[in-house]
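J.: sharing a model that was predicted from the sequence below.
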Amino acid sequence: MSDAKEDTKRLQALLDIATESLLEASDEKVLDDIRHTDHDPALLEQEARSAFEAALQVRGQRRLQAAREALQHRRRANAGRDRRQLIPYDPAIRRTLLNQILARNDLPRAMTMAFREGGGDLPDDEVLSALEDLSDLGFLDDDITKE
Amino acid sequence: MAVNDEPKYYTVDEAEAQIRGLTAVEWARLTLVARIRARAVPDRTGEDFLQEAFLRVLEGDRRWPQGLSSVTFFAHTLRSLVSDYRKGRERERRQLDVRLAVEVDIDDPDYDSTDITERHPDSAPTPEDEHFATQTLNEFLGELDAETRDVVEWQLAGYSKAEIQADFGLDETAYDTITRRIRRSLAKLTVKE
């Protein structure tokens, strides 16, 4: 092992010894150490308190961000569910609606092709599934269901 | 009768209350421990690691066994965080080496990119860390008198307190004095933070 690698191991061992010694020392001895090493006990205390306050702040920001994301997720989920309520009950009307949507120009071409490849022989449950997918993607709205 | 040996942990709220209840000396002691631990790496401060340690506890990522003193618990947490940080630096360095090796491959078809990863096993410290360790050790050992330095060398070699006391002819008080010198010398190095 090179001297430098050996030094890394020795430094780790030294830090362990120093930490252990600091943990075993009484409060009086620690305060004595602090004063004898040009440290200010009040500043050391403040530094740890600041680290704690900073951690609280980060946790608060992360919680806020998580809450916002959860809210947005819920909004999106609810929006999808609301649009699904627009899907007609009658299978024949559903099929007509699907064809109307597919005839629109605002659908991505790849999506139109994928549905058309299914042909007009899609079973009723697949028509429903396609409408649900389209509603989740925002292609089902009041206007078209009223047509 | 079955005995439940599972350790019990503080809830996050209880842990937060424990932290808020620290005494002035405990806060100061935590800073010292964090600064000493941070001497293992060149680019982070004790305060950085201490904040991370608090955050881990506050977010429930690090569980605090009930009955373990706050300073001892955070000392263990800090040790682990610094160790993880060093390993992360080593991983990043190896990934960079591999990327560089791939770039060299483009120009030199005979270049063996596996050499580089094999040269750096998982436990290898970065060259920067190695240099930093040597520098810190020299700085620390330079602060000590000859007798204290000898005791440190024996401690680093793994000799127990009893063995060192017997071989150096030190009674309890003399050993404590030397231990205090070691602690203070290292603490002195952290004043620069």
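T.: Received, thanks.
J.: C-alpha only now, for contacts and for neighbours.
T.: Will do.
J.: pretty sure residue B:33 contacts residue A:22?
T.: Yes - the pair residue B:33 / residue A:22 is scored as a contact, 7.4 Å apart, by Cα atoms under 8 Å.
J.: and the helix or strand that contains residue A:94, what's buried?
T.: According to DSSP states H and E, residue A:94 maps onto helix A:91-103. Buried residues in helix A:91-103, counted by 16 or more other Cα atoms under 10 Å in any protein chain shown: A:94, A:95, A:97, A:98, A:99, A:101, A:102.
J.: tabulate the CA atom coordinates of it in CSV.
T.: C-alpha atoms of helix A:91-103 as CSV (Å, rounded to 0.1, in the frame of the first residue of the first chain):
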residue,chain,number,x,y,z
PRO,A,91,-72.1,1.4,-26.9
ALA,A,92,-73.3,2.6,-30.3
ILE,A,93,-73.0,6.3,-29.3
ARG,A,94,-69.6,5.6,-27.9
ARG,A,95,-68.5,4.1,-31.3
THR,A,96,-69.8,7.2,-33.1
LEU,A,97,-68.1,9.5,-30.6
LEU,A,98,-64.8,7.6,-31.2
ASN,A,99,-65.1,8.0,-34.9
GLN,A,100,-65.8,11.8,-34.5
ILE,A,101,-62.7,12.2,-32.4
LEU,A,102,-60.6,10.3,-34.8
ALA,A,103,-61.9,12.5,-37.6
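J.: output the contacting helices and strands for it.
T.: For helix A:91-103, the packing partners by 3 or more Cα pairs under 8 Å, 6 or more residues apart in numbering or on different chains; DSSP states H and E come out as helix A:124-136, helix A:142-146.
J.: need the mean per-residue confidence for it.
T.: Averaging pLDDT along helix A:91-103 yields 87.
J.: now that helix and helix A:124-136, what's the angle there?
T.: 50 degrees (axes from the mean of the first three to the mean of the last three Cα atoms, to 10 degrees).
J.: next one: helix A:91-103 to chain centre, how far?
T.: Mean-position distance between helix A:91-103 and its chain equals 36 Å (Cα atoms, centre = their mean, to the nearest Å).
J.: now the one helix or strand residue B:89 maps to, how far from the centre of its chain.
T.: Per DSSP H and E: residue B:89 is located in helix B:70-107. Relative to its chain's centre, helix B:70-107 lies at 14 Å (Cα atoms, centre = their mean).
J.: so which bits of that helix are buried?
T.: B:70-75, B:77-79, B:81-83, B:86-87, B:90-91, B:93-94, B:97-98, B:101-102.
J.: show me what that helix is packed against.
T.: With contacts defined as 3+ Cα pairs under 8 Å, 6+ apart, the packing partners of helix B:70-107 are helix A:3-24, helix B:24-38, helix B:46-58, helix B:114-119.
J.: pull out the buried positions in the helix or strand following the last one.
T.: On the C-terminal side of helix B:114-119, the closest following helix or strand by DSSP H and E is helix B:127-142. Using 16+ other Cα under 10 Å as the burial criterion, the residues of helix B:127-142 that qualify are B:129, B:130, B:131, B:132, B:133, B:134, B:136, B:137, B:140, B:141.
J.: closest one of those to residue B:165?
T.: Using Cα to Cα, residue B:141 is the member of the buried residues of helix B:127-142 that lies nearest residue B:165, at 20.1 Å.
J.: from chain A, how far out is the closest one?
T.: From residue B:141 over to chain A the distance is 11 Å, taken as Cα to the nearest Cα, to the nearest Å.
J.: give me the nearest residue to that residue, chain neighbours excluded.
T.: Excluding the flanking residues, the one nearest residue B:141 by Cα to Cα, 6 or more residues apart in numbering or on different chains is residue B:149, at 6.4 Å.
J.: which pLDDT value belongs to that neighbour?
T.: So residue B:149 comes in at 92 (pLDDT).
J.: is any part of whichever strand or helix holds residue A:29 close to chain B?
T.: Using DSSP H and E, residue A:29 falls within helix A:27-36. Yes - residues of helix A:27-36 contacting chain B under Cα under 8 Å from any Cα of the partner chain: A:27, A:30, A:31, A:33, A:34, A:36.
J.: just the buried members of those residues?
T.: A:30, A:31, A:33, A:34.
J.: separation between the first one and residue A:70?
T.: Distance of residue A:30 to residue A:70, computed by Cα to Cα, to the nearest Å: 47 Å.
J.: closest one to residue A:138 out of the buried residues of helix A:91-103, please.
T.: Nearest to residue A:138 out of the buried residues of helix A:91-103 is residue A:101 (Cα to Cα; 11.4 Å).
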